[in-house]
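Engineer: Sequence and predicted model, in that order:
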Amino acid sequence: QIVRKVYEEVHVRASYEKTFKEAFQAMLEAFCYENFDPESGEYTNENCCPPKRSVLKPWRKVVEIGWTGGAILAYPLVLARHLLGESAKSPLAAACCGEDYLDRITGSWNEKSGLFYDLMAPADGSGSRVNGWWTYYGLVKDCHSAYTVGSAVHYVLKTVDYLKRNGKPWKQTWVDRCQDVLKTVTDLQREDGAFGYTYSMTEKKVLDWSGFAGCWFAPALVYLTRITGEESWLAPAKKALRYYETFVRELNCYGSPMDTWKSVDQEGNLAFIRGCRLMYEQTKQEEFLEYFKEGAEYEFLWRYAYPTRPEFRPLNTGWNACGGSVTSISNPHIHPMGVLVDTDLYYLAEVTGDAYYRERAEDSSAWMMQTLELYPEKTGYGRYGILSERWCPSDGLTTERNSDGEGYSSWYSYNLWAAANVMEAVGERFMYEE
């Protein structure tokens, strides 16, 4: 109630001009024509440093299967094929399409661990299929991460769920392999409902239990039930949601992203929100509606309701922080990941009759649309349809500098995961409008 009262007093929503369809088309074209590297056959992360170096160039191939790559892009690419129709054909033909991505992800099978490898291909000369960019931070190395694997399984099954519900073709092998992964993690699930944070790559074993990242397996299990009709998968999902709910209730969701050393964060709870929404939708059990509301309220503690006054470009003229969500207590800039649950919040508003949830979702939609419209005039680089992952609502967060040494309240970057998250949210808004 305190947050709601403050929201009513300070709320000012961002404004934007373009339509969801325009944004969705632009993001598809940016990924396929700008981000995709034909030489390596991979999507990338790109950067630049204006004014001396104003053209974006790839600096890392994105080969991870989930979280910051892989399935999180596959889903909106598949959406684009079916929602945009003819205008999607040429861009998708010029790059790796979502269906090919799903083949690669589900083909990245580790027989020893019963899980997907975290990488579709080695990220460097080491040949490792588990050590991604996060290995630099030292917390997760030479093992499977529940965050990458769980995110990937969730998005593969979310894509199949969309295709099946809409009478579109999909491959049984995508479901079968995800089911194999979920069989492994549910066999290893602790009695209290916990999934692992990391898993061995040489045997079916949990290495570290402490963390929220495994929560992504919960919504994946509900999707598997929806696709296969096998209700038995709901039991481990319910156990998991009851376990992770204690961390949400205590405002102590830690151990999701591997680059924050298990500090309390915003993004792990997104899996909880998705899982509770799907579980309530599937079972209509009031317990999970209450959990769903708890997850939403936790998210709103990270989500701005008002404009700030950044000193540096590109956010110092006309940009509004309202609707943007902070990433964690150790890295408190706004990132785009919160937009992933906007469709869940619209659903929550519908089933509860409480317009507050819709208002908070509308804020997020407006935030992402106005941020896209910073490109290229205000950002000084790129094109409409690309997106960086870092947006600094306060000056103390500003570390980026241009080539002349001037402060910059974002990054000079095109980050695949950030743009993919927004492309997903934009595509779903366009889908529901249609």
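Structural biologist: It's in. Residues are numbered from 1 along each chain as shown.
Engineer: going forward, measure contacts between C-alpha atoms and count neighbours the same way
Structural biologist: Fine.
Engineer: Show me what the helix or strand containing Glu46 pairs with in its sheet, parallel or antiparallel.
Structural biologist: In this structure, Glu46 is located in strand 44-49 according to DSSP states H and E. Taking DSSP bridges as the criterion, strand 44-49 forms sheet pairs with strand 53-61 (antiparallel), strand 413-414 (antiparallel).
Engineer: Could you check the pLDDT of Asp395?
Structural biologist: Predicted confidence (pLDDT) for Asp395: 86.
Engineer: Any chance of the strands paired with strand 44-49 in a markdown table with mean neighbour count as columns?
Structural biologist: Converted to a markdown table, the strands paired with strand 44-49 look like this (neighbours: other C-alpha atoms under 10 Å):
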| stretch | mean neighbour count |
| --- | --- |
| strand 53-61 | 16 |
| strand 413-414 | 24 |
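Engineer: Generate TSV for those, with distance to Tyr357 and mean pLDDT as supplementary columns.
Structural biologist: Formatted as TSV, the strands paired with strand 44-49 follow (distance: least, C-alpha to C-alpha, whole Å; pLDDT from 0 to 100):
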stretch	distance to Tyr357	mean pLDDT
strand 53-61	37	96
strand 413-414	30	98
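Engineer: Need the ones you listed in CSV (columns: distance to Phe217).
Structural biologist: Compiled in CSV, those are given as follows (distance: least, C-alpha to C-alpha, whole Å):
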stretch, distance to Phe217
strand 53-61, 26
strand 413-414, 28
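Engineer: So which of those is nearest Ser126?
Structural biologist: strand 53-61 (14.8 Å; C-alpha to C-alpha).
Engineer: Need the residues that contact that closest one.
Structural biologist: Here strand 53-61 makes contact (C-alpha atoms under 8 Å, 6 or more residues apart in numbering) with 35, 37, 42-48, 123, 380-382, 403, 413-414.
Engineer: Please identify which pair of those residues lies farthest apart.
Structural biologist: Ala123 and Gly380 (30.1 Å).
Engineer: Quick check: next helix or strand after the lowest-mean-pLDDT helix or strand in the chain?
Structural biologist: One helix or strand of the chain scores below all others by mean pLDDT, DSSP states H and E: strand 331-335, with a mean of 93. Using DSSP H and E, the next helix or strand after strand 331-335 towards the C-terminus is helix 342-352.
Engineer: Assign a three-state SS to the nearest residue to Arg274 once chain neighbours are set aside, would you?
Structural biologist: What sits nearest to Arg274 in space, not counting adjacent residues and going by C-alpha to C-alpha, 6 or more residues apart in numbering, is Pro219, at 6.1 Å. Here Pro219 is helix, with the state taken from DSSP: H, G, I helix; E, B strand; the rest coil.
Engineer: Now for Pro219, how many residues are close by?
Structural biologist: 31 (other C-alpha atoms under 10 Å).
Engineer: what sits against it?
Structural biologist: Neighbouring residues of Pro219 by C-alpha under 8 Å, 6+ apart: 154, 237, 271-272, 274-276, 278-279.
Engineer: Which of the contacts of strand 53-61 has the largest number of neighbours?
Structural biologist: Neighbour counts for the contacts of strand 53-61, by other C-alpha under 10 Å, peak at Tyr414, which reaches 27 neighbours.
Engineer: and the gap between it and Arg383?
Structural biologist: 10 Å (C-alpha to C-alpha, to the nearest Å).
Engineer: Over to Arg13?
Structural biologist: 24 Å.
Engineer: Neighbour count for the two, which is higher?
Structural biologist: Arg13 (22 against 18).
Engineer: would you say the more buried one is within a helix?
Structural biologist: No - using three-state DSSP, the assignment for Arg13 is coil, not a helix.
Engineer: Tell me where the stretch 51-200 of the chain has helices.
Structural biologist: In the stretch 51-200 of the chain, the segments counted as helices under DSSP state H, counting those that start in this stretch are 71-84, 86-93, 98-106, 146-165, 172-188.
Engineer: Export those helices as a markdown table, with columns for mean neighbour count.
Structural biologist: Listed next are the helices of the stretch 51-200 of the chain as a markdown table, based on neighbours: other C-alpha under 10 Å:
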| stretch | mean neighbour count |
| --- | --- |
| helix 71-84 | 24 |
| helix 86-93 | 15 |
| helix 98-106 | 21 |
| helix 146-165 | 24 |
| helix 172-188 | 18 |
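Engineer: closest one to Ser113 among the ones you listed?
Structural biologist: Minimum separation from Ser113 across those (C-alpha to C-alpha) falls at helix 172-188, 8.1 Å.
Engineer: That closest one - contacts with which helices or strands?
Structural biologist: Judged by 3 or more C-alpha pairs under 8 Å, 6 or more residues apart in numbering; DSSP states H and E, the packing partners of helix 172-188 are helix 98-106, strand 115-116, helix 146-165, helix 217-228.
Engineer: Looking at these, which is nearest to Gln1?
Structural biologist: Comparing the helices and strands packed on helix 172-188 against Gln1 with C-alpha to C-alpha, the closest turns out to be helix 217-228 (28.2 Å).
Engineer: ok and that closest one relative to helix 146-165, angle-wise?
Structural biologist: 20 degrees (axes from the mean of the first three to the mean of the last three C-alpha atoms, to 10 degrees).
Engineer: following helix 217-228, which helix or strand comes up?
Structural biologist: Past helix 217-228, the next helix or strand by DSSP H and E is helix 234-249.
Engineer: now for that next one, which elements pack on it?
Structural biologist: Secondary-structure packing of helix 234-249 (3+ C-alpha pairs under 8 Å, 6+ apart): helix 217-228, helix 268-283, helix 286-300.
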